[in-house]
Structure formats: C-alpha cells, structure tokens
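Undergrad: need coordinates for the below:
(2 chains)
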Number of protein chains: 2
Amino acid sequence: MRQAGRYLPEYNATRKKAGNFLALCKNPELACEVTLQPIDRYGLDAAILFSDILTIPDAFGLGLHFVEGEGPRFHKKIESEADVATLPSVQMAEALSYVGDAVALIRKTLNGRVPLIGFSGSPWTLACYMLSGGSSSDDFLMVRKWIYSRPELVLTLIDRIQGAVIDYCDMQVKAGAQTIMLFDSWGGLLADRAFDRFSLASLKTIVGALKQRHPATPVIVFVKGGGQWAERIASTGCDGIGLDWTTDLSAMRSKIGSRCTLQGNLDPAVLLGAPKHIEAEATKVVDSFGRLESGVGHVFNLGHGISQFTPIDNVSCLVEAVAKASRNQAR
Amino acid sequence: MRQAGRYLPEYNATRKKAGNFLALCKNPELACEVTLQPIDRYGLDAAILFSDILTIPDAFGLGLHFVEGEGPRFHKKIESEADVATLPSVQMAEALSYVGDAVALIRKTLNGRVPLIGFSGSPWTLACYMLSGGSSSDDFLMVRKWIYSRPELVLTLIDRIQGAVIDYCDMQVKAGAQTIMLFDSWGGLLADRAFDRFSLASLKTIVGALKQRHPATPVIVFVKGGGQWAERIASTGCDGIGLDWTTDLSAMRSKIGSRCTLQGNLDPAVLLGAPKHIEAEATKVVDSFGRLESGVGHVFNLGHGISQFTPIDNVSCLVEAVAKASRNQAR
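TA: Below you'll find the model as predicted:
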C-alpha cells in the first residue's frame, strides 16, 4: 500500500475486474498487474508486491473479508487457548501459493527492471487482528488487556504466527522476492517493556531464520510508532529499519550508524498538499539523512501507506523532487 | 479523564443527574462532585479538574456536542482564513467562568486535603478538532494535509487558540488550580520537524506566559506519542513532562535529569487485567523511575485516559501497589 492503491485510476480498473480487494490479492495475474502500475507510471526504483498483511490469518482459516468503510473482518476470532491449539497446521507455502505465484510472475514481468520487495505482517500485528476479529477503533484495547491478563495465550498465538511468517517469507524469497519487509503496524501501541516481549522477540527470531536461509536477502523491519526503539530494532539483525514520519533521519542516523539502512519517512499527508510543499518536504527528508556513504544507505519512502485521496500528479512531483534532492546531495 | 469517568458508578449517577456529559462539565457543583469522587473512593494524592479539552472551541462559538458512540462534534468548523478572522474575540475568563467556578468550589471543598490540577488542551490539538469539526478516524489526515498546503491558515488559528489557552489557564490558577497540565493529545501525529513548528512553539509560549504570571505554579506538558521529543518538551521550560506508556522512565530520566519531573506512565489497559498483573506492572513503572532524589520527582499516573471498562476494584489494587512499590523504593 506504499505504491499501488485506490488513488490510481488504473488500479481501480483492475480491482473492478477482480471483483473486490481480496480477489485481487488472490489472483496472481491481476496482483502482478497492479504491482507494476506505479512502476510504469512513475519509474520508481523498486517494486513492492501487491498483497495484504492478513493473508496469513486467512490461511489459518479465520475467514478474511472486508466490510465497506470498516476495514478487515474475520468470521472467526481467537478467544481462548483452545482456539490457538485448534488452529490448523498450515503449510503457508502451499496455502499462500497464490502469493508465490504472484511474486514469480512479477519478477518475470519486471525482467530485471527494478528489484522486488516482498513482505509480511509481524506476529504481534497479526495477533492483534486475530484476537480482535478485525480492525480496531480503540487501539486494540482488548488485546492490550489480554497481554496483562492472559499473556501466555497471546505469546502462544504469536509463536504460531511466527512460524507461519518465516515459512511465508521463505516462500516469497524462493519465488523471487529480493528483499523482505516486516510490517509491525501496531508495535507502537505496546508499552516499552511489552514491546520487547510481544513483538521484538518474534521479529528477532524471524530475521534470524531468514538470514540463515537467505543470507544475501536484505530484511527491513518497520514498526509504526517505533522510532524510540530503533536501536533495539537494529539488534534484530535486520538490514534496514523502516521509519514513520515522526522520527528525524539525521538523529536516527547518528544512533544507528552503519548498522542498518534507513527507509522512510515522508508523512503521506504531504502528498495531499501543494506541489511546492511536496518538493520542500521531500528535500528536507533527503537532506535530513544527508550524504550517502559506503555501507550507509537511505531508501526514500513514505512513512506509512499512501492515501486514496492522493492526486496522481503529486506523486510525479514527489519522484522528481527526490531525484533532484538526491543528485544535489551526491554533488 | 485520568481519574473520574464512566467506570465509576457514582460518576454515572451524577452524569445522569446532569443530563449529559457537556452539561456535567458546565455545572460547577456537579463538576466538583465528580472531581472529588475518585479522591473519596481511592484516597489519591492529587485531584484533577473534571472538564473537557474542547471547552475553548465551544467558547469560540463552534457549538460543541457529543454524538453517542462517535465522540465530539462541532456545528461549525474552521475551513478558511475568513473563518479564523471572524472567530469572535472571547474573554475566556468570562466565557468559561463555569470552569473557574468549578475550580474555586473544588478547592473550597477539598479544603487542603490534596492539591488540584487544572488543565487545557494544546493549541495544535484543539486546532485538529476545530479544523475537522470533531474527532477523526484517520489520524486527522485532512488537518495534516493543510499543514502542507495552507500552513499559514493553521498557524493563524493556532495563534488565536494560544492566546485563549493562556487566558484560560491563567483564570484556572487565579481560581485556585495549583498545577496546570497541557494535553497535546495529537502532537504525536506530527512529522518530526512539523511538531516544532505546529505544536512545540505554542507550548513554549504558553509555558513562558504562565511562568511569568504564576512562577510558583508548576506546568506539566503531555504529548501523546511524544517520547522521542522529550528533550525538546523540556526546553519549553515546563516543570513536568507527562509520558504515555511507550516510553521507559529509566531511559527518560537519564535524558532529562533534574530538569523536569516525570509523570506517568502505566498503560491504561493494565487496569483491565488481573490484580497480580496490575501489581507487577505498577511496580515496574515505579522501579523504572527508581529512587527519588532531591529535585527529581516522579508523579505516578496512567499513560492516557482510564477506560470505561475498568473494574473499580482494579483501581484500588493499583493505588495500593503504587504505595507499596514507592515505600520499597524509599527504603
């Protein structure tokens, strides 16, 4: 959702063809089509797989569906130890083969033009949805309640999801994904100590497992609201840290040094503004990271998903501004 | 909303008597009654004025009302420079005299039992509501759009609100409030650089004005999601920094030293859990700050508002746990 999406007319046309969002994710040909649309339109430097983080809970049989204007919902939710114990043993590589097929097809279609980034939701973030039965309007208060009343239930679930995420990402790399990004969209809701136990630990296990299986494939970890935990995130052994717009890249670079590439972090709301502001804000992001050095990289990105209300020309304006600011930095 | 609220049966009874939430805020006798309820029930060490941060926009004539299950709404919203220019010149001390009356009555009724904390919303946070016409389900995306397309409009509005906040807090202190707390509930939605311009600058002006008028009255600044900006918040000259539950008090104390007292920061979700977890988590918060020293204080508090689903006995359990952990620290 950082590239393709409802702001693009060609995306809406393909989505209509698919019938709905979930059908689009499950159709490799159409998922490939929408993955490439922003590359074709804007000439971006990398493609990101079009999919949804909730494919894993869906593969566990929870029955993912989308209610118009209300976000994702599941037919079943996890409410007890028994619900976790009776989650089916699912081979994610098989159950989610439609994602592997999409990855392979995208790589083939890209034919070396740009690299492809695959992704997965983090165990904590997926657990939030699975325990709530969908999205939340109160920062997953009831899930946070459970970490203080039934922590073992939550941890057992996270452990199950962790194995699924490893297999899912492994499958994506085998199918051709050249980087893996882990989205911990709700990590920032956790109390400081709880973050280590309920999210960071499983991120570390996943990064370790992926680096062991695919040492040459970079892994990026994004924790929304996780700026103050960046050093701990670096300690997972990830190659890149995705940052939301509330952090300052310059300060972050001082903290992280050459341990990780930084990815981010323009406020997506900037793209709703006027072109002169887009250019100014994009330049500030590039300049805040500063000059690239050997082994220290910056991947320009939005700090979160792109808004459906983004005018398409504003994205062109952003791409040009980033290219210009990067050239100026390199001088 | 850190003390009184719908989780208390006596609060619900008084609210029923008032008719609705806003009528309760506007009735000094009943506002006094609900302010004292948690003090009477739990023996807390300080009282916080029962009111709402949106009294200022209401006094500007926007027509505050509450839609059941949807949060606050205004009949009018700010959509243009003309709307800001035509905001009436309001003497907050007069327009919000019901708050001053409540403060005076609470002080009289408390009769020295515990100190009273008054409060106001921050200009940025109030501007979010005034520009949106109420609460938001998308992190005030349209307001964030405006800071990148019509920054002068937003800044002009913030400037108007800033003056109102100063007069409002000044009135509360004159009426008897012994500490002022500024709530920047939505500061954490701002991009790093934007926070300085759109929120921190006005907080600094307000703190400066209050310290000039009332040098002996402590001012606490709370920015939800502002943990990574704590040093900048300290630079406003405030006496205390309120922290949400995502920050570690030990690390924060190392950063801030003796410049500010720290206030916080238990996740309100802990209060929905089991007593043994409440005791454990409260103790961790007390211990994470560590031993008090001369001139370096910790005010135990929730990291955000108390949930309406909190069992009343859990709050007793928390109060006892904090007292016990504090005694153990003092040994």
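Undergrad: contacts for stretch A:284-297, please.
TA: A:240, A:248-250, A:253, A:257-258, A:261-262, A:264-266, A:298, A:300, A:322, A:325-326, A:329-330, B:193 (CB atoms under 8 Å, 6 or more residues apart in numbering or on different chains). Placement of C-beta: from N, CA and C, glycine included.
Undergrad: among those residues, which are in helices?
TA: Secondary structure of the contacts of stretch A:284-297 is defined by DSSP state H; positions in helices are A:249-250, A:253, A:322, A:325-326, A:329-330, B:193.
Undergrad: buried subset of those residues, written for ChimeraX?
TA: To isolate in ChimeraX the members of these that are buried, counting by 16 or more other CB atoms under 10 Å in any protein chain shown, one can use:
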select /A:249,253,322,325,326
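Undergrad: including pLDDT and distance to A:Glu10, could the ones in helices among the contacts of stretch A:284-297 go into CSV?
TA: Conversion of the ones in helices among the contacts of stretch A:284-297 to CSV gives the following (pLDDT from 0 to 100; distance: CB to CB, whole Å):
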residue, pLDDT, distance to A:Glu10
A:Leu249, 97, 32
A:Ser250, 96, 37
A:Arg253, 96, 36
A:Val322, 97, 22
A:Ala325, 97, 27
A:Ser326, 94, 27
A:Gln329, 88, 32
A:Ala330, 82, 32
B:Arg193, 92, 34
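Undergrad: farthest-separated two in the ones in helices among the contacts of stretch A:284-297?
TA: Taking CB to CB as the measure, those span a maximum distance of 22.7 Å, between A:Ala330 and B:Arg193.
Undergrad: what secondary structure does A:Gly61 sit in?
TA: Following DSSP: H, G, I helix; E, B strand; the rest coil, we place A:Gly61 in the coil state.
Undergrad: residues near it, how many?
TA: 15 (other CB atoms under 10 Å in any protein chain shown).
Undergrad: that one and A:Asp83 touch, don't they?
TA: No. Judged on CB atoms under 8 Å, A:Gly61 makes no contact with A:Asp83 at a distance of 10.9 Å.
Undergrad: please enumerate the shared neighbours of these two.
TA: Once CB under 8 Å, 6+ apart is applied, the residues that A:Gly61 and A:Asp83 both contact turn out to be A:Lys76.
Undergrad: quick check: the gap between A:Gly264 and chain B.
TA: When CB to the nearest CB, to the nearest Å is the yardstick, A:Gly264 and chain B sit 10 Å from each other.
Undergrad: for that residue, which residues are in contact?
TA: Residues in contact with A:Gly264 (CB under 8 Å, 6+ apart) are A:242-245, A:247, A:249, A:285, A:299-303.
Undergrad: tell me the one among the residues you listed nearest to chain B.
TA: Nearest to chain B among the contacts of A:Gly264, counting by CB to the nearest CB, is A:Trp245 at 4.2 Å.
Undergrad: wait, what's in contact with that closest one?
TA: A:264-268, A:302-304, B:191-192.
Undergrad: redo the contacts of A:Gly264 as TSV? Include distance to A:Phe21.
TA: Putting the contacts of A:Gly264 into TSV (distance: CB to CB, whole Å) gives the following:
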residue	distance to A:Phe21
A:Gly242	23
A:Leu243	27
A:Asp244	24
A:Trp245	25
A:Thr247	30
A:Leu249	32
A:Val285	30
A:Val299	26
A:Phe300	27
A:Asn301	22
A:Leu302	20
A:Gly303	23
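Undergrad: so of those residues, which ones are in strands?
TA: When strands are assigned by DSSP state E, the members of those inside them are A:242, A:299-302.
Undergrad: can you put those residues in TSV and add pLDDT, neighbour count and distance to chain B?
TA: What follows is those, written out as TSV (pLDDT from 0 to 100; neighbours: other CB atoms under 10 Å in any protein chain shown; distance: CB to the nearest CB, whole Å):
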residue	pLDDT	neighbour count	distance to chain B
A:Gly242	97	28	15
A:Val299	96	17	18
A:Phe300	96	23	14
A:Asn301	96	23	14
A:Leu302	96	26	11
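Undergrad: how close does A:Met92 get to A:Lys174?
TA: Counting by CB to CB, to the nearest Å, the gap from A:Met92 to A:Lys174 is 12 Å.
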